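Student: How does the following fold in three dimensions:
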Amino acid sequence: MTDHDAIPETALRWVEAGTPAALATVIETWGSAPRQPGAMLAISANGDLVGSVSGGCVESAVAAEAFEVMEEGDCRLLEFGVSDDDAFAVGLACGGRIQVFVEPVGTGEGVPLPTLRALVEARTERARTVLATDLETKERRLLALCDEDALTDAARIAADGDRSGFAEVDGQRWFLGVHNPPLRMAIIGAAHIAQPLSRMAAMTGFDVTVIDPRESFSSDARFPDMTLSRDWPDAALGAFGPDTRSAVVCLSHDPKIDDPGLHVALRSQAFYVGALGSKRTGAKRAERLSEAGFSDSEIARIDAPIGLDIGAKSPAEIAVAVMARVVEALRRPETR
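Tutor: Model (predicted):
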């Protein structure tokens, strides 16, 4: 998780250190909007900002309201509009409107500290969580998605779609703020394509782990600021624990390295599994996996030849093609 994503954690840290803070959350958008519902901004009484609720065009206005919220203890619902004429200047294709909910942390009508602490703990444990807020009554419920009731059912649907938004349950209108675990990518094979792909994935919001037992490949010099594992891929990926928020990309082009990783990935809940190689290489891989006991449906999960077919040639171009396919698998699961 990058600092830019650790917004509840940052707000909690400020308050526990004695600095008042507020949270601002995008709750609804119309037209063109740079951030989607659920996007958050943390503001401290010292003027520190972490996160964003727009492309930069309304942050100063939200911060000004947040300073007043911290003093008065109330919550505020703000609405901002950008005209078509002004949209281009702030990076939008056309005009739009956003609503932003601003609340103090731990005081007045704001989010209670025990609720925020529980949310941060759930995020640390990679637990899917939804913070439900009734904007009218200021009631808040932290939902772990394991209960069976109408509000939790609505929250589960929101979390499955990775989409924050409103739901009306038993006459109450709740804003469901989805807090899914951070996205992760395991790259098996620290080959030349892995270098630009690891950087692209990190910029896209993935926590990246590069796995390769060959120390000359998986060196800190080749992958600065990346998590590296020099264990064999089956052991490394077993420790990584691919889940529904994980992508596994095999790039070594060496069956001794790729296959052990695929054995773990194909029996995990990873939302994407891809492997480098031609159709001929893929056919041989399928034979080996079949002999190892994998079913046709399990083998069919592998995106191979890897990536979107854009005619990519260079390592960076291939990394773009892989990243595009990973995002498609995440955001359009019906096309997997």
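
Student: Can you name the secondary structure element that comes next after the helix or strand that Glu9 is a member of?
Tutor: Taking DSSP states H and E as the definition, Glu9 sits inside helix 7-16. Once the chain leaves helix 7-16, the next helix or strand it forms, by DSSP H and E, is strand 21-31.

Student: Any regions of the chain where pLDDT drops low?
Tutor: Scanning the chain for pLDDT under 70 picks out 1-4, 32-34, 55-56, 82-95, 335-336.

Student: about what we covered before: so the helix holding Glu9 versus strand 21-31, what angle?
Tutor: Between helix 7-16 and strand 21-31, the angle comes out at 150 degrees (axes from the mean of the first three to the mean of the last three C-alpha atoms, to 10 degrees).

Student: Give me the buried positions along helix 7-16.
Tutor: Buried residues in helix 7-16, defined by neighbour count with 16 or more other C-beta atoms under 10 Å: Ile7, Pro8, Glu9, Thr10, Ala11, Leu12, Trp14, Val15. Quick note: C-beta positions are derived from backbone N, CA and C, even for glycine.

Student: Return the residues in contact with Met40.
Tutor: Listed by C-beta atoms under 8 Å, 6 or more residues apart in numbering, the contact set of Met40 reads Ile7, Pro8, Leu23, Ala24, Thr25, Val26, Gly51, Val53.

Student: Next: Val100.
Tutor: Ala24, Thr25, Val26, Ile27, Val53, Val58, Val62, Leu77, Leu78, Glu79, Phe80.

Student: can you do 7 Å?
Tutor: With C-beta atoms under 7 Å, 6 or more residues apart in numbering as the criterion, the residues that contact Val100 are Ala24, Thr25, Val26, Ile27, Val53, Val62, Leu78.

Student: Distance from the chain centre to the strand or helix carrying it, please.
Tutor: Here Val100 sits within strand 96-104, counting by DSSP H and E. Centre-to-centre, strand 96-104 and its host chain are 21 Å apart (C-alpha atoms, centre = their mean, to the nearest Å).

Student: Please enumerate the strands of the stretch 101-250 of the chain.
Tutor: For the stretch 101-250 of the chain, strands defined by DSSP state E, counting those that start in this stretch occupy the ranges 129-134, 140-143, 165-169, 172-179, 184-188, 207-211, 227-229, 246-250.

Student: For the fifth one, buried residues please.
Tutor: Within strand 184-188, the residues that qualify as buried by neighbour count (16+ other C-beta under 10 Å) are Arg184, Met185, Ala186, Ile187, Ile188.

Student: Okay, angle between it and strand 246-250 too, please.
Tutor: 10 degrees.

Student: A helix includes Val69, no?
Tutor: Yes. Under DSSP: H, G, I helix; E, B strand; the rest coil, Val69 falls within a helix.

Student: before we move on, back to that, Ser44: which of the contacts of Val100 is nearest?
Tutor: Ala24 (12.1 Å; C-beta to C-beta).

Student: Counting neighbours, what do you get for that closest one?
Tutor: 28 (other C-beta atoms under 10 Å).

Student: what's the first-to-last distance across stretch 104-118?
Tutor: By C-alpha to C-alpha, to the nearest Å, the extent of stretch 104-118 from end to end equals 17 Å.

Student: Could you pick out the longest helix of the chain?
Tutor: Looking across the chain with DSSP state H, the single longest helix is helix 315-331.

Student: Pull out the buried positions in that one.
Tutor: In helix 315-331, counting by 16+ other C-beta under 10 Å, buried: 315-316, 318-327, 329-330.

Student: Identify all contacting residues around it.
Tutor: Under C-beta under 7 Å, 6+ apart, the answer for helix 315-331 is 192-193, 195-197, 200-201, 204, 247, 249, 271-272, 274, 303, 306-308, 310, 312, 335-336.

Student: Give the buried subset of these as a ChimeraX selection command.
Tutor: To isolate the buried members of the contacts of helix 315-331 in ChimeraX, using 16+ other C-beta under 10 Å:
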select :192,193,195,196,197,200,201,247,249,271,272,274,303,306,307,308,312
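
Student: Mind giving me the packing neighbours of the helix or strand containing Arg285?
Tutor: In the assignment (DSSP H and E), Arg285 maps to helix 279-291. The contact analysis (3 or more C-beta pairs under 7 Å, 6 or more residues apart in numbering; DSSP states H and E) places helix 279-291 against helix 255-265, helix 296-299.

Student: Could you rerun that using 10 Å?
Tutor: If you count contacts as 3 or more C-beta pairs under 10 Å, 6 or more residues apart in numbering; DSSP states H and E, helix 279-291 packs onto helix 255-265, strand 272-275, helix 296-299, strand 302-303.

Student: Ile248 contacts Gly189, doesn't it?
Tutor: To be clear, residue 248 is Val; Ile isn't right here. No. Between Val248 and Gly189 there is no contact under C-beta atoms under 10 Å: 11.1 Å.
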